[in-house]
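Asker: Curious how this folds, go ahead:
(chains A and B)
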Amino acid sequence: MLNFNNPVIDTKEYSEIRISKTEPILKMNLRGKNRDFITKIGKELSIITPVDPNTSASNEKLNLLWLSPDEWLLYSNHMIDLKDANFLDDKLFNEISKKKLGSVTNVSDHWIMINLNGKKVFELLSAGCPYNFNNFKNSKGAVTQTLFNHIDVIIHNKNVNDLNLFVRRSFSEHLFLWMNDAASRI
Amino acid sequence: MFLINCPYCGERDQSEFTAGGEAHIVRPKQPTELSDDQWAEFLFMRKNIKGVQLERWNHSHGCRKWFNMVRDTSNDRIHAVYKMGQKPPIE
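Answerer: Take a look at the predicted model:
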């Protein structure tokens, strides 16, 4: 059974940085290698599957992030209820996993999404990331998996100075507190 | 600290990667026919030379893919990076 209870993460505002949580949202991990799999997920989700490294594709409901040459993360733009989540879960499972095209795993309770926005978000990230954000900053829809204060994160550049950061549930509270501390000093 | 050009993700910091030791070690075709010493040789014994070495690396905090690298262990200069299954670009 999925656990949609989330750790306590409030909305916090600092000068030019706002840290907030949008949960529960649907998140799914899709893995597959062949061309049929890639066209099938595109068809089922009405999204062109991003095959270029560090890119993503979106429609008004869903975002599909490239994670590796055979792995993608799907997440919803808006909060969802369990019924909708189960519907999409079943649909993808029946069309992809059951037909042995690839694998579909519901990771809604695995990742926590934290939204960061404001003019100084990249200053906050550079406080703990080894990644060079110079090009990332200017390309809308860019995705990167990196370390943030030694914690594995996925960062999606949703809009100008508006990022979605995914962190594992067990690390989320610690990272949130650390980000608050770092943001208060910027 | 140095940069590694992951063949899938592009240039990233070395802290995102894990070293996987010597590359291109071929698994014996008939492990049952080997002596304990020969099996141990295959399993555990790795070269660790000073100079240019072929190595396996994993982008463990990124795309989680394995790849190969030609690295000079004396000065950390990376001569080439190539995908698994490909032949080393230099001797």
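Asker: which helices and strands does the longest helix along chain A pack with?
Answerer: Looking across chain A with DSSP state H, the single longest helix is helix A:169-184. Other elements packing on helix A:169-184 under the criterion 3 or more Cβ pairs under 8 Å, 6 or more residues apart in numbering or on different chains; DSSP states H and E are strand A:12-14, strand A:17-21, strand A:111-117, helix A:121-125, strand A:151-159. Placement of C-beta: from N, CA and C, glycine included.
Asker: Quick one: closest of those to residue A:61.
Answerer: Go through these one by one with Cβ to Cβ and the one that ends up closest to residue A:61 is strand A:151-159, at 14.1 Å.
Asker: Which positions in chain A make contact with chain B?
Answerer: Counting by Cβ under 8 Å from any Cβ of the partner chain, chain A comes close to chain B at A:53-54, A:67-69, A:71, A:130-132, A:144-147, A:152.
Asker: In contact with residue 27, which residues?
Answerer: If you meant another chain, say so; for now it's chain A. Residue A:27 makes contact with A:73-76, A:106-108, A:110-111, A:113, A:166, according to Cβ atoms under 8 Å, 6 or more residues apart in numbering or on different chains.
Asker: if you could check chain B rather than the one you did, that'd help
Answerer: residue B:42.
Asker: Could you report the separation of it from residue B:56?
Answerer: 14 Å (Cβ to Cβ, to the nearest Å).
Asker: do the same with residue A:167
Answerer: Distance from residue A:167 to residue B:56, by Cβ to Cβ: 28 Å.
Asker: Would you point out which residue is most central in the chain?
Answerer: No chain in the question, so chain A it is. residue A:166 (4.8 Å; Cα atoms, centre = their mean).
Asker: Actually, chain B is the one I wanted.
Answerer: Chain B, centroid-nearest residue using Cα atoms, centre = their mean: residue B:56 at 1.6 Å.
Asker: Can you tell me the closest non-neighbouring residue to that one?
Answerer: Distances taken as Cβ to Cβ, 6 or more residues apart in numbering or on different chains place residue B:20 nearest to residue B:56, at 3.6 Å, with adjacent residues excluded.
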